[in-house]
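>>> A predicted structure for the sequence below; I have some questions about it.
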Amino acid sequence: MTRRPPPKRSGSPRAFETRSAADAIIDALAIHGLSDEIRAQRVIAEWGDLVGPKVAARTRPDRIVDRILYVEVATSAWLQELNLLKAQLVMGLTSRLGDPRLFDDVRFKLAGRTRREAVTTPAPRPKPPGPLAPGKPASGATREQIVSEVSAVDDEELRELIARVRIANDR
């Protein structure tokens, strides 16, 4: 009696190896070209942990296009500051995210502004109404109500400013 060779298995030999679920998922994502997309979503989801709470409070990652990470910034002052710290930020992000690199550069832009928006001339503003006749400052119960309402403001200087303006102008 002659022995028959075992039937050939289709697929790659590694498909029959015992592997962890994490490794299998990583390979499946890579096969379907999704690993970089998942890692890019990680940048968005973990932004606060990656850059720290101070920077995260004033920035938001927008997208990664052509190996450039676009980040929206709240103010022009922060835009300037982050441009000065760009090299350190890129180095820190790439070391935390690991290889392969998702992006080679970071570009900052003011929040709400994109290059895709058409530049338009703003419509002329309507003329504001004339100045109001000066009235008497709030007093009595109205003044007490104003003081009570502004007491919810945490910042003492801002609270006093709001109270003065409202007392002088509320009628």
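That came through, no problem. Numbering: from 1, shown residues only.

>>> alpha carbons only for contacts and neighbour counts from here, please
Will do.

>>> For the protein, which segments are assigned as helices?
21-31, 35-45, 47-51, 53-56, 76-84, 86-97, 140-150, 156-169 (DSSP state H).

>>> closest to Ala111 out of these?
helix 76-84 (9.5 Å; Cα to Cα).

>>> For the closest one, which outside residues touch it?
Applying Cα atoms under 8 Å, 6 or more residues apart in numbering, the contact partners of helix 76-84 are 58, 73, 108-110.

>>> Please pick the buried ones from those residues.
Neighbour counting with 16 or more other Cα atoms under 10 Å marks 73, 108-110 as buried within these.

>>> and of those, the nearest to Gln88?
Out of those, the member with the shortest distance to Gln88 (by Cα to Cα) is Phe108, at 14.1 Å.

>>> didn't the closest one look like it was pressed against Ile68?
No: using Cα atoms under 8 Å, Phe108 is not in contact with Ile68, being 10.3 Å away.

>>> follow-up on the earlier one: and of the helices of the chain, who's closest to Ile64?
Among the helices of the chain, if distance is taken as Cα to Cα, the winner is helix 35-45, at 7.1 Å.

>>> So what's the model's average confidence on the closest one?
The predicted model gives helix 35-45 an average pLDDT of 73.

>>> follow-up on the earlier one: so which of the buried ones among the contacts of helix 76-84 comes closest to Gly98?
Gly98 has its nearest neighbour among the buried ones among the contacts of helix 76-84 in Phe108, at 21.8 Å by Cα to Cα.
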